[in-house]
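Student: Sequence and predicted structure are below.
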Amino acid sequence: MTKELLKIEGLNAWYGESHILHGVDLTVNEGEVVCLLGRNGAGRTTTMRAIVGLTGARKGSIRIDGQEAIKLPPHKVARLGVGYCPEERGIFASLSAEENLMLPPVIAPGGMSVGEIYEMFPNLKERAGSPGTRLSGGEQQMLAVARILRTGARLLLLDEISEGLAPVIVQKLAEMIRTLKAKGYTVVLVEQNFRFAAPLADRFYVMEHGRIVKQFEQRELADNMAMLQEFLGV
Amino acid sequence: MEIFGIPLQAFLGQLVLGLVNGAFYAMLSLGLAVIFGLLDIVNFAHGALYMVGAFAAWIMLDKFGINFWFALVLAPLLVGVLGVVIERTFLKRLYGLDPLYGLLLTFGLSLILEGIFRDQYGVSGQSYPVPELLEGATNLGFMILPNYRAFVVLASLVVCLGTWFLIERTRLGAYLRAGTENAKLVQAFGVNVPLMVMLTYGAGAALAAMAGVLAAPIIQVTPLMGSNLIIVVFAVVVIGGMGSILGSVVTGLVLGLIEGMTRVFYPEASSVVVFVVMVIVLIIRPAGLFGKEA
Amino acid sequence: MSTNHTKLIRATYIGILVLALVAPLIGLYPVFVMKLLCFALFACAFNLLLGFTGLLSFGHAAFFGFAAYVTGYFIKSQGWSPEIAILAGTLVAAFIGLVFGLIAIRRQGIYFAMITLALAQMVYFICLQAPFTGGEDGLQGVPRGKLLGLLDLSSDTTMYYVILAIFVACFLGIARIVTSPFGQVLKMIRENEPRAVSLGYEVDRYKLVAFVLSAALAGLAGSLKTLVMGFATLTDVHWSMSGEVILMSLLGGVGTFFGPVFGAGIVIALQDLLADKVGAWVTVIIGAIFVVCVLAFRKGVVGEVHAWLERRRARA
Amino acid sequence: MAAEIILETKGLTKEFKGFVAVNSVDLKVRRGHIHALIGPNGAGKTTFFNLLTKFLTPTRGSITFNGADITKEKPAQTARRGIVRSFQISAVFPHMTVLENVRAALQRGQGTSFHFWKPEASLFHLHQRADELLHAVDLQDFRDEMTVNLPYGRKRALELATTMALEPELMLLDEPTQGMGHEDVHRVTELIKKVSAGRTILMVEHNMKVVSSIADRITVLQRGAIIADGPYAEVSANPLVIEAYMGTTDAALQGAH
Amino acid sequence: QTNSGPVKIGMITDMASLYADIDGPAGAEMVKWAVQDFGGKVLGRPVEVLSADHQNKADVASSKAREWMDKDNLAMLIGGTSSGTNLAMAKVAQEKKRPFISIGAGSARLTNEDCTPYTVHYAYDTVALAKVAGNALIKAGNKSWYFLTADYAFGQSLEADATTVIKANGGTVAGSVKHPLNASDFSSFLLQAQGSKAQILAMANAGGDFTNAMKAAKEFGITKTMKVAGLLVFINDVHSLGLSNTEGLQLADSWYWNQDDASRKFAKRFFDKYKRMPSSLQAADYSATMNYLKAVQTAGTTDGDKVMATLKSMKFDDFYSKGTIRADGRMIHDMYLFQVKGQKESTTPWDYYKLVAKVPGDQAFTTPAESKCSLIKK
Ligand SMILES: Nc1ncnc2c1ncn2[C@@H]1O[C@H](COP(=O)(O)OP(=O)(O)OP(=O)(O)O)[C@@H](O)[C@H]1O
Ligand SMILES: Nc1ncnc2c1ncn2[C@@H]1O[C@H](COP(=O)(O)OP(=O)(O)OP(=O)(O)O)[C@@H](O)[C@H]1O
Ligand SMILES: [Mg+2]
Ligand SMILES: [Mg+2]
């Protein structure tokens, strides 16, 4: 029986006075990898932020593991088992790389150990003592992803994680996501890098102007290439 | 033996007194640094909270007969709660805005607090006696040091070290430091940031109040005692490097000493010396002695 | 639509100017209006820095107050004519501004505010102790003299029009500075400083020039104040004066042209009114205004009106 | 031949508290080339750019630009010499219009930037050139828009236009296509090609498709040092590069994108 | 000036800040009491009292004064505390030709280089304080002095004036240390004073500086080895410090509530309302108003010049003092040196002082020979 880990209905979100999301509906089943596609500014990041509670006002319904989260403050949403890796990385300058890694509190058992993380990202081990923002752009990106793997969150929201990474690392990330999926994690990916996301995702949503305009499954990918071409220029 | 024409004894005596003042600077600038570091707010109300702390101790003694030792715990608690209220009602609305607004708001608050106490208690101030246990003085050989002043130095060092440890060496401290940079994100990781920020401001206020209680037996408790001191403490914080906990403590103590020395050699300059030091430090190290280079 | 808006603003300005021109005739108290104009100029000078360069100085009293002393000293003790003494005050203020600027300009935001505050504190102590300032008694009984040897300023009405003329000139001057090529660079710095650097602008120099200009204008305001009131005292250099000028700008609207003038008007009028009414509660009221401003209308009165007009226009 | 080489570094090194981020790099950039700098994350590419633009001071080594030693110059000086960089994160003036953003760059050449007595109108003659530049990056329709309101990709385009306004001899582009959708990547790649006419470009880019399609020459950094240098075909076949950067061989020619 | 409508008297003082306790709202109330006690009317016209807070800002004081004189046709102005504001008001009064009675200001400049025909300096000045303390203490055998001086004009002139008196009477000044305004910590200055081994530690400072210095002097045991003289101390300062901190302190003042029956009567009335005893300034506020009204009565007009002439020809005699006003505007009256009682000697609330010496007015104030005022014919 598949369980709906995340179910969003009629989500509206605002930044100050600007209305960004106009009724997003989206469902993610447990153990799935779902990818949000769309042009720049389509509202994918906003969707992610709205789930966690980082936008201004929001309306509609967000159910995480059956529990309504639309009114919850971010820290309570996180405690429902959500791990968020933001687009702008959010590495803390006043903390060392290792402190950055250790920062998010463990919210559930079953997260990765520090040893496993360093094995996956050897750069981080090497730079563990440096202040977080002194890491190179790519290192910061790795750190941002690594950070939430420790917490035991079961639903991972990953925003543009392959951005600015060398091809070798991107390949590693792809492997990582496969591993996570195998371990039963649920992942929502926002990606520009279609080649990276395409083979990983079970299902795809396409966004445009703050709305979901299309959804399809992995096996329908080939049928939809023409549409994607039109929407994303892939 | 003499140093620059000053007898060694007098010189040492002055050093010790400088240290006592330094202890106050350290405690006050510590609170400022904590609040600035974590909330990005230059707490202009710090001097007023210090004053309220001293008044709280005096009122406790005068009206309720609560002695110094209880006041030393109760007054900071009370002012801490006041701090929490201030954070909840006012500062909360300013997060994410230019830090200058925090400065202006707390400036306004300090005027209000000062005005209220002025209206209630006048300006000539109240006298708070030295606690019995610490009455008298110890002969250090080179000077007679009132026991109470020795206690102040000790108490302040303990408080400062404790705070430093808490912030730089514990997990809570890491949340606090990260929270200053991007509170939203830390919250999105599952940390109850609003609570943390509220308590931090409360703690900063409590630190100021504790300094106030400690000062009460030494100086006259007046509504203006805070505003006289606060500007100097600001300078201390800038010299130490804003937001640097260790910096503010060390600088506080050292500036106390420097000021003490100036009082011996060129007393007229003793209130400007802190600012002169500040200018020199800033020319050499724009981020302050312990500040991180931007 | 947009021209309507500009027309409205222009009409308002003209209206205010006309009002200012006839003020002494319709029984407005000239000394009060002159004092107001001096503080309005001070606030405008301050706003040039905060509103249009993005630097909060907590030490502007130093320029205002020290220039006030310098002008007073030269008129009273050296017998200089008012225009030369005012010029001297302005130049000295500009010079102090240069010194402050060289030290403070490398830091931003809060740091800048704290550093200027501390530097101003030094100036305060100098004024307290220097022999020519008269210590806490102040420099008293400065005669107004004759402007350019011709115009007798002891008449309040003459003095008033002189002050008004200088004020209007400075006000237009500030408007010009803000829109000038130089002002454009200031705007860039305010918006994104590293970007301005990468475009090849040596931002510290621009900030310094802005700082000196602002200091000079603040000094001019102080000098004029001495001439109007006939004295300079420690109040003028005290840090609470720096606080007051911030309040004026904030209340009226930081970054608007007319806001500081309006804010100065309110603060000065309030001080005048409060003087006989509320006694001990003056500071409480001033403090409360600060708090309310910061919480409820950060844009200031004029700023909020602008925003309201904008919104209405957007809807239309 | 000296004139052929616009930029040269000799033994350029940057250490951070004992960590060597850039290690004795000798690099020559030919005039008129699009020169790509690639390498794994943390190889020192951004640091190298920071050294060139003087945001960091080198620990050792020298930088020569057009035959002049610029090792000791200040950032703004370097910018005026004609070395201009665009940032890894987008850098614009958010509350100025798109046109004003470009004008901001054009204005510097006027020499009137300290003239606080001149009216704004004295800058209006720059609008024509600004419009041309906006046209070049396809932003003419957004001319009077506030920059904050632009989508990300457009901001990058604007930044490029601003950079071009400075008439740089040498443009340093740090990951110009980062964060862009495919459409934009394509547009920006074309744009870079277009603006490279008559100037030299040194760029950092992880998108191998972009690199392979426009770079004349490629230098690969690893752990702060150069491990390969040459035309794309040669470098991409280098086993060292494949191992350190590209990953599995079949991805090599494609790029990960 | 019109001779009909109410006679308006204005009082501008510090109502809420540093000096509000020694004068302030209670001081303004004293003016009103005097008007009431006079009958509320003079020359058949009702008397009105205006009051304002100058917030220690000279410009506020001066604008207010000017406004009242222009708009309200103010007949007489009383200046409260702070010299800067009083000097500014004196200039306005001179320009508008209205009597100005300065009460709370200490600066001797008011009747010296900055004297005007319209200024009356009523209660005290720094010269008098220095002379009184200096004279009386030296006569009691305290020859060597050490000064703790506030480092600005007021402190310096106190020290200089006292030094002149000390030297003239054969005393010596062992040294002095200058402290900045609002120095909260005095311990190091006092340590230096202690090293001097002088007999008298003279505090040439006021308000908060004085109280903090006094407290530290007690803490460091200096009060045991030296006699402390406060050159400008009001009873409110002694009260707030408490007798335990001030016992033995010597101080100069123009009036003490417990000095005679008339004073006690006045004080009791004050105490009933304010739950504290009046300061010498508050007594002077009452006395000055009363005497002004008498002068108006005598002169038969409120005209500034005529009233001033009458004032300068009158002999004052009330609970506050007996005295006359000299040509320079200086009110000449007796001054006193008091010593603060010990806790055991003090029997009733606010029973703080015992009289040490009374100094006649002609010895207490600047002599005509010393004066730099152009109004004094030499
Ligand atoms: N903080 C903000 N304030 C106001 N508007 C914003 C803010 N952040 C984003 N927007 C606007 O919201 C819209 C959606 O942005 P969002 O970041 O969600 O897009 P995206 O699909 O993630 O695109 P990208 O590829 O640029 O990351 C855009 O038009 C953007 O300009
Ligand atoms: N200021 C600094 N202090 C300490 N270490 C630094 C500093 N700047 C960079 N580094 C380190 O130097 C190395 C090179 O960083 P750089 O930013 O140049 O890498 P990069 O090649 O641009 O990588 P990416 O492709 O990920 O952006 C990194 O390991 C980084 O952690
Ligand atoms: Mg996004
Ligand atoms: Mg990089």
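Tutor: Right, received. Where do you want to start? Ligands and ions are numbered 1, 2, ... in the order given.

Student: Name the SS class of the residue nearest the centre of chain A, please.
Tutor: In chain A, the residue lying closest to the centroid (C-alpha atoms, centre = their mean) is A:Leu158, at 1.7 Å. Here A:Leu158 is recorded as strand under DSSP: H, G, I helix; E, B strand; the rest coil.

Student: ok, now which ones touch it?
Tutor: Each residue near A:Leu158 by C-beta atoms under 8 Å, 6 or more residues apart in numbering or on different chains is listed here: A:85, A:145, A:187-190. The C-beta positions use only the backbone N, C-alpha and C, and glycine is treated the same way.

Student: Could you export those residues as CSV, including neighbour count?
Tutor: Output for those, formatted as CSV (neighbours: other C-beta atoms under 10 Å in any protein chain shown):
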residue, neighbour count
A:Cys85, 23
A:Val145, 22
A:Val187, 22
A:Val188, 26
A:Leu189, 25
A:Val190, 24
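
Student: was I right about B:Leu78 contacting B:Met210?
Tutor: No. B:Leu78 is not in contact with B:Met210 according to C-beta atoms under 8 Å; the separation is 11.1 Å.

Student: Pick out the least confidently modelled helix or strand of chain A, by mean pLDDT.
Tutor: Using mean pLDDT, DSSP states H and E, helix A:221-232 stands out as the lowest-scoring helix or strand of chain A, at a mean of 79.

Student: So which elements touch that one?
Tutor: Helix A:221-232 sits against strand A:33-38, strand A:203-208, strand A:211-217, with contacts defined as 3 or more C-beta pairs under 8 Å, 6 or more residues apart in numbering or on different chains; DSSP states H and E.

Student: that older thread, neighbour count: B:Leu78 and B:Met210, which is higher?
Tutor: When B:Leu78 and B:Met210 are compared on other C-beta atoms under 10 Å in any protein chain shown, the one with more neighbours turns out to be B:Met210, at 27 against 20.

Student: which residues sit in contact with that one?
Tutor: Taking C-beta under 8 Å, 6+ apart as the test, what B:Met210 contacts is B:27, B:53, B:72, B:75-76, B:159.

Student: chain center to stretch B:184-203: distance?
Tutor: 23 Å (C-alpha atoms, centre = their mean, to the nearest Å).

Student: Check whether the residue lying farthest from the centre of chain A sits in a helix, strand or coil.
Tutor: The outermost residue of chain A relative to its centre, with distances by C-alpha atoms, centre = their mean, is A:Gly129 at 26.5 Å. Using three-state DSSP, the structure places A:Gly129 in coil.

Student: so where is chain E shaky, pLDDT-wise?
Tutor: E:1-3, E:378 (pLDDT under 70).

Student: actually chain A, sorry about that
Tutor: A:1, A:232-234.

Student: if we go to 80?
Tutor: Filtered on pLDDT under 80, chain A yields the residue ranges A:1-2, A:16-17, A:40-41, A:56, A:228-234.

Student: What parts of it come near ligand 3?
Tutor: A:45, A:87 (C-beta under 5 Å from the ion).

Student: residues contacting B:Ile116?
Tutor: Residues near B:Ile116 by C-beta under 8 Å, 6+ apart: C:Val284.

Student: how near is it to E:Ala52?
Tutor: According to C-beta to C-beta, to the nearest Å, B:Ile116 stands 22 Å off from E:Ala52.

Student: just E:Ser82 next, same as before
Tutor: For E:Ser82, the distance to E:Ala52 - C-beta to C-beta - is 13 Å.

Student: same thing with D:Thr47?
Tutor: As for D:Thr47, its distance to E:Ala52 is 66 Å (criterion: C-beta to C-beta).

Student: With neighbour numbers in mind, choose between E:Ser82 and E:Ala52.
Tutor: Taking other C-beta under 10 Å, E:Ser82 and E:Ala52 do not tie; E:Ser82 has more neighbours (29 against 25).

Student: contacting residues around the more buried one?
Tutor: C:136, E:14, E:18-19, E:54, E:56, E:104-105.

Student: For the residue farthest from the centre of chain A, give its distance to chain C.
Tutor: The gap separating A:Gly129 from chain C is 27 Å, by C-beta to the nearest C-beta, to the nearest Å.

Student: Equivalent analysis for A:Pro104, please.
Tutor: A:Pro104 is 29 Å from chain C, by C-beta to the nearest C-beta.

Student: got it, and D:Phe93?
Tutor: Distance, D:Phe93 to chain C, by C-beta to the nearest C-beta: 4 Å.

Student: D:Gly247 now?
Tutor: Distance, D:Gly247 to chain C, using C-beta to the nearest C-beta: 33 Å.

Student: Residue 140: neighbouring residues, count only.
Tutor: Using chain A here. A:Gln140: 23 neighbours (other C-beta under 10 Å).

Student: think we crossed wires, I meant chain D
Tutor: Residues within reach of D:Gln140, counting by other C-beta under 10 Å, total 14.

Student: Please name the residues that touch it.
Tutor: By C-beta under 8 Å, 6+ apart, the contact set of D:Gln140 is D:131, D:134.

Student: Quick check on it: phi, psi?
Tutor: The phi and psi values for D:Gln140, taken as degrees, to the nearest 10, are phi -60, psi -30.

Student: D:Leu170 too?
Tutor: phi -130, psi 120.

Student: cool, E:His333 as well?
Tutor: Dihedral pair for E:His333: phi -150, psi 170, per degrees, to the nearest 10.

Student: Let me see the contact set for the closest residue to it other than its chain neighbours.
Tutor: Using C-beta to C-beta, 6 or more residues apart in numbering or on different chains and skipping the chain neighbours, the partner closest in space to E:His333 is E:Gly323 (3.2 Å). Going by C-beta under 8 Å, 6+ apart, E:Gly323 touches E:315-316, E:331-334, E:361.

Student: so how far is chain A from E:Gly323?
Tutor: 70 Å.

Student: what bridges to that residue?
Tutor: E:Phe316, E:His333 (DSSP bridges).

Student: where do the strands sit along the stretch 1-150 of chain D?
Tutor: Taking DSSP state E, counting those that start in this stretch, the strands of the stretch 1-150 of chain D run over residues D:5-16, D:19-30, D:34-38, D:60-65, D:68-69, D:83-86.

Student: Which stretches in chain A count as strands?
Tutor: For chain A, the strands defined by DSSP state E cover A:4-15, A:18-29, A:33-38, A:58-64, A:67-68, A:82-85, A:155-159, A:186-190, A:203-208, A:211-217.
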